Structure formats: C-alpha cells, structure tokens
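Visitor: can't give you the sequence, but here's the structure:
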Ligand code: 5RP
C-alpha cells in the first residue's frame with residue numbers, strides 16, 4: 001500500500017462521519033483532496049452539506065465536485081472539520097502548514113465543534129518537531145521575527161516556491177523553523193503567539209478530537225486521551 005492509498009482510506013472513513021445538513025470545515029493538502037473528492041461522490045448520491053474551505057485550492061476543488069461553499073460570517077460554528085496534518089503526537093497535538101494554509105486551517109478548526117484529522121501512518125511521531133514548524137508572518141516583520149525565532153533557538157528558512165518567496169492566501173510569508181524535537185508544544189505555541197508580526201503558527205495544540213490513520217489497508221482511530 002502506498003501513502004496515497006493510506007490517505008484515501010483515512011479520508012473515506014472521515015466521509016463516513018458526515019451526515020445530512022452538516023456544515024463542514026474543508027481542510028487543505030493531498031489527504032484533504034481525497035476527502036473533498038469522496039465527499040463530492042456522496043453528494044452526487046444525495047447527501048446535502050455545505051463547506052467552509054481553508055484555502056483557495058480547496059475552494060476550487062469543492063466547487064468542481066459540487067460542494068456548496070459558505071463563510072464563517074454565515075456559519076460561525078461548524079459541525080465538523082476534516083483536515084490533514086504533517087505530524088501527530090500521542091496527545092493529538094499537531095504540526096500543520098506544510099501546504100501553507102495553516103492560518104485559515106486553525107481558524108476553521110477553532111470554529112468547529114469537532115476536529116477530525118486524517119493521515120497516513122508516517123505522520124505519527126512520539127514528539128513533534130522533525131517536520132519544520134511553519135510560522136506565518138506579515139512580510140513587513142520578516143527581519144525582526146526571524147531574529148526573534150533565532151534567539152528562541154530555531155534555525156529559520158523562508159519558504160520558497162518555484163524560485164520565488166511563497167505567499168499565503170492572505171499574502172503573508174512563511175518561515176519554516178527547526179526547533180529540534182519540541183519538549184513543550186503548549187509553551188512554544190504561547191511564546192510564538194506573543195511575537196509581534198507572527199500571524200499564526202503550525203502548532204495545533206488541543207484542537208483535534210480524533211485522528212484517523214490509514215495503514216496497511218485498514219484504519220485506526222486515535223481519540224484525545
Ligand atoms: C496544509 C496542511 C496539510 O494538512 C498538511 O501539510 C498535510 O498535507 P498532506 O495531506 O498533503 O500530507 O497543513 O497547510
């Protein structure tokens with residue numbers, strides 16, 4: 001089984017949690033793509049749901065497969081958010097933002113009654129931090145934030161795409177930070193939240209209720225301890 005097969009399996013199990021009338025958070029990334037496509041298939045068969053997309057890419061795909069899109073103004077509380085992750089620890093804390101959509105993803109997760117994360121088993125780690133932590137920054141603050149993050153112990157690299165600085169859907173930049181393995185993700189999250197110019201970061205602490213893992217033709221579920 002490939003990682004893609006595992007992602008599709010996890011996505012299928014998440015689609016099975018969706019019921020008529022739900023307003024959903026639609027995540028971003030390759031695993032979320034499987035979810036959105038499979039959800040589109042259920043809608044063809046008569047399911048009625050609406051979605052708040054977490055990126056332009058997910059919005060485009062959702063429109064293509066026939067999922068009606070709504071905003072957080074219309075639906076400030078969502079029933080269920082389904083999204084991928086770059087790393088998941090045993091307490092269901094996450095690193096997200098590999099796809100650059102962490103700001104909208106965190107807003108949507110925080111607005112959702114239930115957050116379900118779908119991953120292949122390679123995303124499971126004992127401690128977060130091998131995957132470089134994405135930190136979204138206002139372009140004006142790049143220099144000062146970079147220095148603060150270095151003073152906090154991180155090796156910092158600005159994210160590039162096709163030879164250019166990558167910009168998020170909100171036109172911010174991303175600094176990918178290597179803090180080494182993270183001892184206390186809650187404390188690091190709070191410190192990062194306090195840095196002027198940091199818009200958001202990819203540590204999702206205490207947001208996921210459930211993680212569905214696709215592995216070897218089966219799914220496993222982790223629930224918040
Ligand atoms: C995007 C994300 C994605 O959920 C994360 O990068 C996982 O992506 P994939 O499903 O492609 O492995 O956080 O900002």
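Guide: On my side now, so go ahead. Just so we're clear, the structure is a prediction, and the values are computed from it rather than from any experiment.

Visitor: packing partners for the longest helix anywhere in the chain?
Guide: Across the chain, the helix with the greatest residue count (assigned by DSSP state H) is helix 30-44. Under the contact definition 3 or more C-beta pairs under 8 Å, 6 or more residues apart in numbering; DSSP states H and E, helix 30-44 sits against helix 3-15, strand 23-26, helix 56-64, strand 80-83, strand 115-120. Backbone N, C-alpha and C define where each C-beta goes, glycine included.

Visitor: Any buried residues in the longest one, and which?
Guide: Of the residues in helix 3-15, those scored as buried under the neighbour-count criterion (16 or more other C-beta atoms under 10 Å) are 3, 6-15.

Visitor: swap in the third one?
Guide: Of the residues in helix 56-64, those scored as buried under the neighbour-count criterion (16+ other C-beta under 10 Å) are 57-59, 61-62.

Visitor: Adding pLDDT and distance to residue 153, write those residues out as JSON lines.
Guide: Below are these laid out as JSON lines (pLDDT from 0 to 100; distance: C-beta to C-beta, whole Å):
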{"residue": "57", "pLDDT": "98", "distance to residue 153": "33"}
{"residue": "58", "pLDDT": "98", "distance to residue 153": "33"}
{"residue": "59", "pLDDT": "98", "distance to residue 153": "37"}
{"residue": "61", "pLDDT": "98", "distance to residue 153": "38"}
{"residue": "62", "pLDDT": "98", "distance to residue 153": "39"}
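
Visitor: Greatest separation within those residues: which pair is it?
Guide: 57 and 62 (9.7 Å; C-beta to C-beta).

Visitor: of all the residues in this structure, which ones are close to the ligand?
Guide: Proximity of the chain to the ligand, by C-beta under 6 Å from any ligand atom, involves residues 27-31, 83-86, 96-102, 105.

Visitor: Please indicate which of those residues are buried?
Guide: Buried members of the residues of the chain next to the ligand, scored by 16+ other C-beta under 10 Å, are 27-29, 31, 83-86, 96-102, 105.

Visitor: and the closest residue to residue 191 other than its chain neighbours, how many neighbours does it have?
Guide: Distances taken as C-beta to C-beta, 6 or more residues apart in numbering put residue 152 closest to residue 191, at 6.7 Å, once the chain neighbours are dropped. Residue 152 has 14 neighbouring residues, counting by other C-beta atoms under 10 Å.

Visitor: Give me the phi and psi angles of residue 152.
Guide: Taking degrees, to the nearest 10, you get phi -80, psi 0 for the backbone angles of residue 152.

Visitor: how close does it sit to the ligand?
Guide: Counting by C-beta to the nearest ligand atom, to the nearest Å, the gap from residue 152 to the ligand is 22 Å.

Visitor: Verify the stated contact: residue 191 with residue 151.
Guide: No. Using C-beta atoms under 8 Å as the test, residue 191 is too far from residue 151 to be in contact (10.9 Å).

Visitor: Specify which residue of those two has the higher count of neighbours.
Guide: Legend: neighbour count by other C-beta under 10 Å for residue 191 and residue 151, higher for residue 191 (15 against 8).

Visitor: What average pLDDT does the helix or strand the more buried one falls within get?
Guide: For residue 191, the host element (DSSP states H and E) is helix 185-193. Averaged across helix 185-193, pLDDT comes to 98.

Visitor: give the contact list for the residue lying closest to residue 4 once chain neighbours are set aside.
Guide: Leaving aside its sequence neighbours, residue 4 sits nearest to residue 30 (C-beta to C-beta, 6+ apart; 7.4 Å). Counting by C-beta atoms under 8 Å, 6 or more residues apart in numbering, residue 30 makes contact with 4, 7, 84.
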